[in-house]
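Chemist: what's the 3D shape of this:
(5 chains)
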Amino acid sequence: MCGRFASTTKPEDLVELFGVEQWDPTETIAPSWNVAPTDSAYAVLERTPKGLPDPVRQLRVLRWGLVPAWSKSPESAVKMINARADTVHEKPSYRQAFASRRCLLPIDGYYEWETIPVPGRAKPRKQPYFVSRTDGGVLALAGLYEFWRDRTRPADDALGWLVTCTIVTTEAEPLLAPIHERMPLFLDPGAYDAWLDPGRTDPDELRSLLVAPAPGALRAVPVGAAVGNIRNNSPDLLRPLTDAERNFGGAGGGTTLF
DNA sequence: CCAGACGTTGTT
DNA sequence: GTCTGG
DNA sequence: CCAGACGTTGTT
DNA sequence: GTCTGG
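Modeler: Coordinates of the predicted model:
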């Protein structure tokens, strides 16, 4: 799955990479090596302005954790950080967003925790990994977004709209499966246009864009436990564990190597 | 008909 | 908002 | 996802 | 043990 990630690419660079036509520089967030659910994140999406024929590609800041438009409160649905690719087109909470509000979430990589049973102890050990593109490029995660109106605020209050997002997940590819059974889906540049086009609403066609990556496209590197605490946030979270650090605490011998 | 859910993951 | 369960 | 809390009353 | 907050 995907429950924590790093996002440090400058918005100006994201604008270049994704062919963004519209970005409001006041919508800027600090680089983060520890983005958690309910945090803000950059998203690339397309909206068609009233009276215009074509959608405009934008870079926006959304809150991670999708809140369906019909939710009574924004907390009730904050667990919706992931959406299963195999059912996303039919789930009441996601299908409208899937039909017309798809986005890309550009990230450097995400964290995955391997659960390692410790003989004789109830609590297993949790070994975090940082998963990123082997070629070092930005990962364009497949996402959905949704608008939620806060009725406790005045009708003309711009802050009365909450825009949230979720990440589409699938079965882990074979190389990652030993760490974790699920993983987020990402798109290759050739699929960006079709995925973002709000004019495309055929679920089967859209689902065909969600394909597993080639084996080896992603790499997983074991990192320190500090990432577990969201108060920790620095490039040091990405530093690979040394062999000595991995052996120290590692019950039952070595961890999976890449 | 109304009431209540609407999600994913991991672990047992 | 819309579907499911009772 | 992990870390950290885990409560009620009365008053503003 | 389980829920909430970030």
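Chemist: Flag the shaky bits of the stretch 151-258 of chain A, pLDDT-wise.
Modeler: Across the stretch 151-258 of chain A, the ranges flagged by pLDDT under 70 are A:248-258.
Chemist: Show me where it has its strands.
Modeler: Taking DSSP state E, counting those that start in this stretch as the test, the strands found in the stretch 151-258 of chain A are A:161-171, A:182-184, A:218-222.
Chemist: Off-centre distance for the second one?
Modeler: The offset between the C-alpha centroid of strand A:182-184 and the centroid of the whole chain comes to 10 Å, using CA atoms, centre = their mean, to the nearest Å.
Chemist: do it and DNA strand D meet?
Modeler: No. Using CB under 7 Å from any atom of the strand, strand A:182-184 stays clear of DNA strand D, with a minimum separation of 8.0 Å. Any C-beta I mention is one placed from the backbone N, CA and C, and that applies to glycine too.
Chemist: Also stretch A:95-109?
Modeler: No. Judged by CB under 7 Å from any atom of the strand, stretch A:95-109 stays clear of DNA strand D, getting no closer than 13.9 Å.
Chemist: Render the CA-only coordinates of that stretch in PDB, please.
Modeler: In PDB, the C-alpha atoms belonging to stretch A:95-109 read as follows (Å, rounded to 0.1, in the frame of the first residue of the first chain):
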ATOM      1  CA  ARG A  95     -16.500   6.000  -8.400                       C
ATOM      2  CA  GLN A  96     -17.500   9.600  -9.100                       C
ATOM      3  CA  ALA A  97     -13.900  10.700  -8.600                       C
ATOM      4  CA  PHE A  98     -12.700   7.800 -10.700                       C
ATOM      5  CA  ALA A  99     -15.000   8.800 -13.500                       C
ATOM      6  CA  SER A 100     -14.200  12.500 -13.600                       C
ATOM      7  CA  ARG A 101     -11.600  13.600 -11.000                       C
ATOM      8  CA  ARG A 102      -8.400  11.700 -11.600                       C
ATOM      9  CA  CYS A 103      -5.000  13.200 -10.700                       C
ATOM     10  CA  LEU A 104      -1.300  12.400 -10.500                       C
ATOM     11  CA  LEU A 105       0.600  12.700  -7.300                       C
ATOM     12  CA  PRO A 106       4.200  13.400  -8.100                       C
ATOM     13  CA  ILE A 107       6.500  11.900  -5.400                       C
ATOM     14  CA  ASP A 108      10.100  11.000  -4.900                       C
ATOM     15  CA  GLY A 109       9.300   7.700  -3.400                       C
END
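Chemist: For the stretch 101-250 of chain A, what lies in contact range of DNA strand B?
Modeler: Contact residues (CB under 7 Å from any atom of the strand) of the stretch 101-250 of chain A with DNA strand B: A:115, A:122, A:124, A:169, A:180-182.
Chemist: farthest pair in those residues?
Modeler: Longest distance between any two of these is 28.0 Å, between A:122 and A:169; criterion CB to CB.
Chemist: sorry, back to before: dump the strands of the stretch 151-258 of chain A to JSON lines, plus distance to residue A:210 and mean neighbour count.
Modeler: Output for the strands of the stretch 151-258 of chain A, formatted as JSON lines (distance: least, CB to CB, whole Å; neighbours: other CB atoms under 10 Å):
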{"stretch": "strand A:161-171", "distance to residue A:210": "6", "mean neighbour count": "21"}
{"stretch": "strand A:182-184", "distance to residue A:210": "11", "mean neighbour count": "21"}
{"stretch": "strand A:218-222", "distance to residue A:210": "16", "mean neighbour count": "20"}
